[in-house]
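Okay, here's the prediction I keep looking at, along with the sequence it came from:
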Amino acid sequence: MADWLTGKVIEKIQWNKRLFSLRIKADLQDFMPGQFVRVALDLNGERVARPYSLVNKPDDDFLEIYFNIVAEGPLSPKLAELQVNDEIFVTDKANGFLTVDEAPECKHLWLLATGTGVGPFLSILKSKKVWQRFEKIVLGFSVRDVSELSYQKQIAMIESQHGEQFSFVPFITREKIEGAMNQRIPQSLVDGSFEIKVGITINENDSHIMMCGNSAMISSVSECLEKRGLRKHRRREPGHITTEKYH
């Protein structure tokens, strides 16, 4: 049974009509970049909770979640209505294995996200450890239109800090925008255009792939990579592909 921390909203960011970020003041002791917490509100006499990855780095003095409104969902529309100083609940421990510590030794780390799945990767990219472990880090971030391409200032700062060690590739599937790939991530791996753009290939010798977001993307990319000889990573059987399961 979860123990709950009582938190307070200290900032709300609205990216478009359905995408929001909340910064929360709460006394979470520690977490690893890439992990998630459960966030809750008391609604009609019941505490309604859902898992959300943390976007902030562990030494920030706030927690940050990035979410979209699920119209039929019981929690996300209410989260979007919150204002500064409103009360919110957060579990006292973070969970999840989408972390650098879980990845085996290799040269290249590929972070593949759709929509709000970019959240845990932003936390990872703000940490020092990831830059010490990998020669090259690639972030592929897929959205439907440019209004969903959130956190561009943070990503630009990461680019400026790490130069050629970092490659950011935006995918915008429903608009043609200069500098962005106008296709889905799985298709770009099948035709090789993603790897050509980055200048390195995904292979079983020097690559690890982390994925978060749309289940169809994760399934399609996993199928594509398995055809190349890559396999799911497990502690007892090290592999190449790590995905998050919120539970």
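Looks like it came in fine.

Farthest from the middle of the chain: give me that residue.
Gly45 (31.6 Å; CA atoms, centre = their mean).

so how far is Thr6 from it?
17 Å (CB to CB, to the nearest Å). Quick note: C-beta positions are derived from backbone N, CA and C, even for glycine.

what's the answer for Asp191, then?
50 Å.

ok, now Ala180?
Ala180 is 41 Å from Thr6, where distance means CB to CB.

and the two? which has more neighbours close in?
Set side by side, Ala180 and Thr6 show more neighbours around Ala180, with 18 against 11, by other CB atoms under 10 Å.

Now for the more buried one: which residues touch it?
146, 149, 170-172 (CB atoms under 8 Å, 6 or more residues apart in numbering).

Now find how far off-centre stretch 167-180 is within its chain.
Stretch 167-180 sits 17 Å away from the centroid of its parent chain (CA atoms, centre = their mean, to the nearest Å).

Any stretches of this structure with poor pLDDT?
Along the chain, segments meeting pLDDT under 70 span 1-2, 245-247.

how about the helices of the chain, start to end?
Counting by DSSP state H, the chain has helices at residues 76-81, 119-125, 129-133, 152-162, 185-190, 193-198, 215-226.

would you list those in CSV and tack on mean neighbour count and distance to Ala113?
Listed next are the helices of the chain as CSV, based on neighbours: other CB atoms under 10 Å; distance: least, CB to CB, whole Å:
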stretch, mean neighbour count, distance to Ala113
helix 76-81, 16, 18
helix 119-125, 26, 6
helix 129-133, 15, 15
helix 152-162, 14, 11
helix 185-190, 20, 9
helix 193-198, 16, 13
helix 215-226, 17, 9
